[in-house]
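Chemist: Dropping a prediction and its sequence here:
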Amino acid sequence: MPATELRSRFQEFLRARSDDPKSLHVTDARALSGGWSRVMYAVTVECQGVESKYVYRSDPDPIDIHFPTSRAVEWELLTTLDGLDTVSIPEPLWFDSDGTHFGRPAIVMAHIECESLLSIARRSEQHAFPSMASRMAELLGSLHRVRPEQLPSRLGRYPDWDTYIDSRIALWLEAERQGLAPDPFLRLVASWLHANRPGPVPLGLVHGDFHPANVIVTSHDEYMAVDWELAHVGDPREDLGWMALAADAQPPDLVGSDADNFYATYCKVAELPVEAIDEKALLYFLVLGSTDCYLGSLARLARLSSGESRTVGSAYMAKVSPGMARIIFNAMKRHEQLSRG
Amino acid sequence: MYTRPTSGELLDAVSSLLRDLRDHPESTSAAPLEVALEVTGVIERRIENEPHWLVAGIREIEDLAQTALALHADDPDLLDAIDSYHQAWPAGLEAAEALSQYEAAGALLSAVSDASYRHSDAELVHQVFEVHTRRFERLSCMVGDFEAKGRT
């Protein structure tokens, strides 16, 4: 949707919720870089001389969707977390569930003056990294304390840890069956994940894409987690593994600046035993934690190959997929080396 | 007399145009062009290297399959996979069909990989990893360094 159309629709949307609709005007709508997969705008509104800002979040055109996720499930999760008040997130305000107002399902959130932690880290000296990592550990630990029974059932329910892990492994095999050509790497990953599973920990909330670009630091120095579209019930160590992959693909590596302190802080807040997070477990969950993003990149490449998509974003997967695969494979090799002594 | 440009020449022309656009002072956002240039780089290296890489990849998998067969000749799934491959691709490689044969060899590698885990054969697993390592080395040459673009 063009910015001008969004401005007009947003104004109508807010006027319907205002006590003084005639004095309410949208004065600006700027696109935010919302990761690869969602359309986001910062919208500025003026009403009775007072300025306020909101964040609009919806799906892109179907052809540009990296992995299909549900705004309805995301909304349920955001309002649940907002109600629990134990995980810092921007306040969810409204949801256009059926696209009546915006043409497609859309979430409106409070706008927060902030900067991404990645952006801050990239212009900071290395000696500042351990304290950033420690704050990130507290935030991640707080969200991993959320138990499945506190979450909307649509985020997943599993009778036990093994059933959950099996369901993730099955996605790799399914991707191979649906792929354009035989992909022995997918089969290797599936067998490897099956053969090397570590000891279980209680299932809980997994963010699914937790890394410094999805942590915002507010103007009041509060750390908040954003971009919850891949959240699900799973093994919390998936987020630790995915962070390790992200640090390799999008440096700097904040956790690596003081890993011992990061994991000690994280385990204390998340109430997990330190021994559940040894190097082999982290490598295992780097691989398992990449399931949605890596397989999503392959699906997008397949759409490019079939001619269904012609966007630069899809073509870029020609670099993203092999880049991620190489990091995943290196983790598996390192794990094999540790196993072989 | 006009002649048809080769794929490489076409790619050169497109890359050059993208470079001009990216570096133009009025380009408000060069990021998508930078990404497009990276992608043309991948295609360029693929055109240049793929033919001999496919042949090398096929040979490695065929050798690995022979090793696996010697170790687990009583594994029916492995035997089936090797028989199917050899029926489809009897000795002698047609260069024009290298990509199809490479894909068939990929299925064979999957079968060997599955067998190595089915028999908990650590040494065969190790050899499967070695073949994948060489595949990734070639892929890395093609794709180049990777640093994720996106929100910072």
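Modeler: Right, received. Where do you want to start?

Chemist: in chain B, which ranges drop under the pLDDT threshold?
Modeler: Low-confidence segments of chain B, defined by pLDDT under 70: B:1-6, B:26-30, B:92-96, B:146-152.

Chemist: where along it do the helices fall?
Modeler: B:7-23, B:31-71, B:76-88, B:98-118, B:122-143 (DSSP state H).

Chemist: is it possible to export these to JSON lines including mean neighbour count and distance to residue A:57?
Modeler: The way it works is simple: take the backbone N, C-alpha and C, and place the C-beta from them, glycine included. Compiled in JSON lines, the helices of chain B are given as follows (neighbours: other Cβ atoms under 10 Å in any protein chain shown; distance: least, Cβ to Cβ, whole Å):
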{"stretch": "helix B:7-23", "mean neighbour count": "14", "distance to residue A:57": "30"}
{"stretch": "helix B:31-71", "mean neighbour count": "17", "distance to residue A:57": "21"}
{"stretch": "helix B:76-88", "mean neighbour count": "14", "distance to residue A:57": "47"}
{"stretch": "helix B:98-118", "mean neighbour count": "21", "distance to residue A:57": "39"}
{"stretch": "helix B:122-143", "mean neighbour count": "17", "distance to residue A:57": "32"}
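
Chemist: now the ones you listed in a markdown table, with distance to residue A:262?
Modeler: Shown next, in a markdown table, are the helices of chain B (distance: least, Cβ to Cβ, whole Å):
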| stretch | distance to residue A:262 |
| --- | --- |
| helix B:7-23 | 38 |
| helix B:31-71 | 31 |
| helix B:76-88 | 44 |
| helix B:98-118 | 33 |
| helix B:122-143 | 29 |
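
Chemist: among these, which is nearest residue A:304?
Modeler: helix B:31-71 (10.1 Å; Cβ to Cβ).

Chemist: Can you tell me the element residue A:26 falls in?
Modeler: Taking DSSP states H and E as the definition, residue A:26 sits inside strand A:24-32.

Chemist: Run the chain-centre distance for the very next helix or strand once past that strand.
Modeler: Sequence-wise, the next helix or strand downstream of strand A:24-32 (DSSP H and E) is strand A:39-47. Using Cα atoms, centre = their mean, to the nearest Å, the distance from the centre of strand A:39-47 to the centre of the chain it belongs to is 22 Å.

Chemist: so who does residue A:270 touch?
Modeler: A:140-142, A:144-145, A:236 (Cβ atoms under 8 Å, 6 or more residues apart in numbering or on different chains).

Chemist: Mind telling me which residue of the stretch 201-341 of chain A is nearest chain B?
Modeler: Closest residue of the stretch 201-341 of chain A to chain B, Cβ to the nearest Cβ: residue A:323 (2.9 Å).

Chemist: ok, that residue touching residue B:140?
Modeler: No: if you go by Cβ atoms under 8 Å, residue A:323 and residue B:140 don't touch, sitting 9.1 Å apart.

Chemist: For the closest residue in space to residue A:143 that isn't next to it in sequence, grab the count of nearby residues.
Modeler: Distances taken as Cβ to Cβ, 6 or more residues apart in numbering or on different chains place residue A:87 nearest to residue A:143, at 4.6 Å, with adjacent residues excluded. For residue A:87, the count of nearby residues is 20 (other Cβ atoms under 10 Å in any protein chain shown).

Chemist: wait, what's in contact with residue A:87?
Modeler: By Cβ under 8 Å, 6+ apart, the residues touching residue A:87 are A:81, A:139, A:142-143, A:146, A:225.

Chemist: Ignoring the adjacent residues along the chain, who's closest to residue A:195?
Modeler: Nearest non-adjacent residue to residue A:195, counting by Cβ to Cβ, 6+ apart: residue B:117, 5.4 Å away.

Chemist: residues touching that neighbour, list them.
Modeler: Contacts of residue B:117 (Cβ under 8 Å, 6+ apart): A:191-192, A:194-195, B:125.

Chemist: want to try TSV for those, with secondary structure and distance to residue A:59 as columns?
Modeler: Formatted as TSV, the contacts of residue B:117 follow (DSSP: H, G, I helix; E, B strand; the rest coil; distance: Cβ to Cβ, whole Å):
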residue	secondary structure	distance to residue A:59
A:191	helix	35
A:192	helix	34
A:194	helix	34
A:195	helix	38
B:125	helix	42
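
Chemist: re the thing from before, nearest to residue A:150, of the helices of chain B?
Modeler: Nearest to residue A:150, of the helices of chain B and by Cβ to Cβ, is helix B:98-118 at 37.2 Å.

Chemist: which other helices and strands contact the helix or strand containing residue A:242?
Modeler: Using DSSP H and E, the element containing residue A:242 is helix A:237-249. Contacts defined by 3 or more Cβ pairs under 8 Å, 6 or more residues apart in numbering or on different chains; DSSP states H and E place helix A:237-249 against helix A:129-144, helix A:279-288, helix A:317-340.

Chemist: can you redo those as TSV with mean neighbour count?
Modeler: Listed next are the helices and strands packed on helix A:237-249 as TSV, based on neighbours: other Cβ atoms under 10 Å in any protein chain shown:
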stretch	mean neighbour count
helix A:129-144	21
helix A:279-288	22
helix A:317-340	19
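
Chemist: Now render these as a markdown table, adding mean pLDDT.
Modeler: As requested, the helices and strands packed on helix A:237-249 are exported to a markdown table (pLDDT from 0 to 100):
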| stretch | mean pLDDT |
| --- | --- |
| helix A:129-144 | 98 |
| helix A:279-288 | 97 |
| helix A:317-340 | 92 |
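
Chemist: Pull the CA coordinates from stretch A:304-316 and hand them back as CSV.
Modeler: Presented in CSV, the C-alpha positions along stretch A:304-316 are these (Å, rounded to 0.1, in the frame of the first residue of the first chain):
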residue,chain,number,x,y,z
LEU,A,304,12.0,-17.1,-7.7
SER,A,305,12.9,-20.2,-9.8
SER,A,306,9.4,-21.0,-10.7
GLY,A,307,8.8,-17.3,-11.9
GLU,A,308,6.2,-16.7,-9.2
SER,A,309,8.4,-14.0,-7.7
ARG,A,310,10.8,-11.5,-9.4
THR,A,311,11.8,-9.3,-6.5
VAL,A,312,15.4,-8.3,-5.6
GLY,A,313,14.5,-9.6,-2.1
SER,A,314,13.8,-13.0,-3.4
ALA,A,315,16.9,-13.0,-5.6
TYR,A,316,19.0,-12.1,-2.6
